[in-house]
Every structure is written in structure tokens, then in C-alpha cells.
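1. predicted model, plus sequence, below.
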Amino acid sequence: MKKTLVTGGAGFLGSHLCERLLERGEDVLCVDNFYTGDKQNVSHLINNPYFEIMRHDVTFPLYVETDQIYNMACPASPVHYQFDPVQTTKTSVHGAINMLGLAKRVKARILQASTSEVYGDPEIHPQPEEYWGKVNPVGIRSCYDEGKRCAETLFFDYWRQHNLSIKVVRIFNTYGPRMHPNDGRVVSNFIVQAIRGEDITIYGDGQQTRSFCYVDDLVEVIIRMMNSEEGFTGPVNIGNPGEFTMLELAEKVLSITGSKSKIIFQPLPSDDPKQRQPDISMAKEKLDWEPKVALEDGLKETIAYFKKVVG
Ligand code: NAD
Ligand code: UDP
């Protein structure tokens, strides 16, 4: 039986990943310090004899046996990663060093959950993997952006220097059930506000764009990438190329929920990227994957989840 380690396994993406890996017949060890994750996200898996959960902070070394490592640990919402920025950089950089060290010791394959944030506020649209990005090294988003960029560097250096089997995915905005109601990211904020009848908070004029991928599509391609041919390292963009302004997103959420919430405009946080859309040609060609779930359908699922949690 394949032994698989998922760091950040009690978080939004990590918990869906653990679930799918168990369905595939893998023996899953979920490691998390519960900084933004929650035991509740994996409570339905606890009775599975092939699932194990361990409280651990990846900025400290970890000694376990494993065949594959999905390194997902890191707060992903700007609100949370900016709350303790030094810890965010440590999680990305020390976390990567510790997990790469573990992979080297036990000869495991390791996948890094990188991000579209490595492109910063991009000048090229849509963003292909060859683009090096436009990132502010000293701004409020830098702890996350530069932390993730340094983690990518470490992955490729371990690959070149130690011949480690690495996989790097650059995840674009992903949403779905089990996002935390106070996560702070736009999809969960708008849905929770709409359900509660509170004002919908658009930052800036709402003309900035993002491309939103439903969690099921994303987990599918992460697992495909992990099990892809040796030598295909990525980085590979994964996400849904459907691009929407934040105003369009707010209107969709209002129309699906039937909420009477008002849209209000608040100041745009600094360094907020103006536009973002993945070029997913590489994922299509190498992983034979493209997303299937349209934004409206994914929003309906997510809204149904949040109605149970906060409704
Ligand atoms: P999340 O905040 O729900 O999950 C992150 C998990 O990591 C949480 O369970 C948290 O408790 C855990 N964690 C944080 N610091 C840790 C540490 N030092 N040691 C151990 N565990 C720690 O966020 P998510 O959306 O599930 O993101 C998962 C991964 O995917 C992150 O690495 C994130 O950067 C990446 N990613 C996500 C998106 C997205 O849109 N969801 C986009 C790009 C990249
Ligand atoms: N945003 C918004 N209202 C909110 C939360 C976010 O208008 O309540 C905007 C935010 O300024 C950004 C976009 O939505 O332009 C996506 O923000 P999110 O935090 O979800 O992710 P990221 O900026 O990291 O892509």
C-alpha cells in the first residue's frame, strides 16, 4: 500500500486531497498545526484505518516513513498569511527545506503546492509557466509570494543537486466547500455575506479579475501531476481559465443566493493583482486535464455548504 503524507491536510484543499487519496487506496498521514485548518475538515475520515492525523508544524523537522509527499501546508488567504508574515515565510521556506530533507532521506516523490502569486501583478496575460512574474519583494504580500518563489527554487535545487523526484504545481484561485467562513478570500466572503444579508465588500472598483477553479477539478489534477511520468517536474499551472471581475462574481453570488445584500466598495489592499488567468496548455498536454465545473455550478455547491455552516 502506498504511504502518502499530506502536509496542511486539515486545510481546505488538503482535506479534499486526503479524502480522494483514501478513495484511491492510499495510506494517508495528515500533518497539520491547525493554524488555518480544522480537525472538523477531516473528522469524517478519522475512523478510516488508513487515515492518521498528526499535529506538527512543518517549520520543524519531521521523521516519518512515506512514499509520496504533498506539501500543502501554508495559510493561503491574504488575511491569514499577512497576520504573522514571518511565520508565513518560515512555513514556506523552512517547511520546504524540512519536507525536501525528508523526501531525500526516505527517497519519496514530493509535490509542492505553489501558487499563481509567483507571477505577482502580471504584465503578461494569460500567464504561461515561462513568465517570471512581477513581484514586489518588500510589500505586504511578499511573505507569501517570495516564500513560495523560494520554495520553488529549493525544489529545483534539490532536483538538480540531489536528483530528487519533484513535482511543482502553480495553483490559481480555488474555491469550494470547507473554506473557512472567516477565511477572508473573496468567494467565501461574498457567499457568507450574501447568506447573512450583510453588505458585499468589493475592494477597489471591482474591475480586477480572477479565474476560479472548483476544488474537485483541482484535486484531480494535483493527483495526476503527482503520478505523472518521471522527469516531468513542472512548474505547471493548474486552475480554471474562466476569468471574471469581482463585480461579476458578486452579482453571480447575489443572483444564485437570491440575497438582498448591498454591494459596497472598500479600499483596495496594496499590491492586489489587477488581472489573473492561467494558461493551462501544459496541463492539458502533459496531464490530459482540463477543468469541468463551471463557476455557476461550483458556486451552487459552495453556497449549499455555507448555508449549512452559517445559514
Ligand atoms: P488553508 O489555509 O485552508 O490550508 C492550509 C493548511 O496548512 C491549514 O490546514 C493550516 O493549518 C496548515 N498549516 C499552515 N501552516 C502550517 C505549518 N507551519 N505546519 C503545518 N501545517 C500548517 O489553505 P488552502 O487553500 O487549502 O491552501 C493549501 C495550499 O495550497 C497552500 O500551500 C496554498 O498556498 C496553496 N494554494 C491554494 C490556493 C487556493 O486558491 N486555495 C491557491 C494557490 C495556492
Ligand atoms: N476581494 C474583494 N472583497 C473581499 C475579499 C477579496 O473584493 O471581501 C478581492 C481582492 O481584493 C482581490 C480578489 O478579490 O482583488 C481576490 O482576493 P482573494 O483574497 O480571494 O485572493 P487573491 O488576491 O490572493 O487572489
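-> That came through fine. Numbers count the residues shown, from 1 in each chain. Ligands and ions are numbered 1, 2, ... in the order given.
2. now stretch 33-43 - C-alpha only, PDB.
-> Only the C-alpha atoms of stretch 33-43 are listed here, as PDB (Å, rounded to 0.1, in the frame of the first residue of the first chain):
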ATOM      1  CA  ASN A  33      -0.600  22.600  13.000                       C
ATOM      2  CA  PHE A  34      -4.200  23.800  12.700                       C
ATOM      3  CA  TYR A  35      -3.200  27.300  12.100                       C
ATOM      4  CA  THR A  36      -5.900  27.900   9.500                       C
ATOM      5  CA  GLY A  37      -7.100  24.300   9.200                       C
ATOM      6  CA  ASP A  38      -9.500  22.400  11.400                       C
ATOM      7  CA  LYS A  39      -9.900  18.900  12.700                       C
ATOM      8  CA  GLN A  40     -13.500  19.200  11.700                       C
ATOM      9  CA  ASN A  41     -12.500  19.100   8.000                       C
ATOM     10  CA  VAL A  42     -11.200  15.600   8.400                       C
ATOM     11  CA  SER A  43     -13.400  14.300  11.200                       C
END
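3. if you look at that stretch, does any of it touch ligand 1?
-> Yes. Using Cβ under 6 Å from any ligand atom, we find that stretch 33-43 touches ligand 1 at 33-37. Any C-beta I mention is one placed from the backbone N, CA and C, and that applies to glycine too.
4. relative to ligand 1, which of the residues you listed is nearest.
-> Closest to ligand 1 out of these is G37 (2.0 Å), distances taken as Cβ to the nearest ligand atom.
5. what's the spacing between the closest one and D272?
-> Distance of G37 to D272, computed by Cβ to Cβ, to the nearest Å: 25 Å.
6. what distance do you get for E129 to Y119?
-> Taking Cβ to Cβ, one finds E129 at 10 Å from Y119.
7. then E52?
-> In terms of Cβ to Cβ, E52 sits 36 Å off from Y119.
8. show me which of those two is the more surrounded one.
-> Between E52 and Y119, counted using other Cβ atoms under 10 Å, Y119 has the larger neighbour count: 27 against 16.
9. for the more buried one, grab phi and psi.
-> Y119 adopts backbone torsions of phi -90, psi -10, taken as degrees, to the nearest 10.
10. for the closest residue in space to it that isn't next to it in sequence, list the residues it contacts.
-> Ranked by Cβ to Cβ, 6 or more residues apart in numbering and with sequence neighbours excluded, the top spatial neighbour of Y119 is G133, at 4.1 Å. Going by Cβ atoms under 8 Å, 6 or more residues apart in numbering, G133 touches 118-120, 122, 149.
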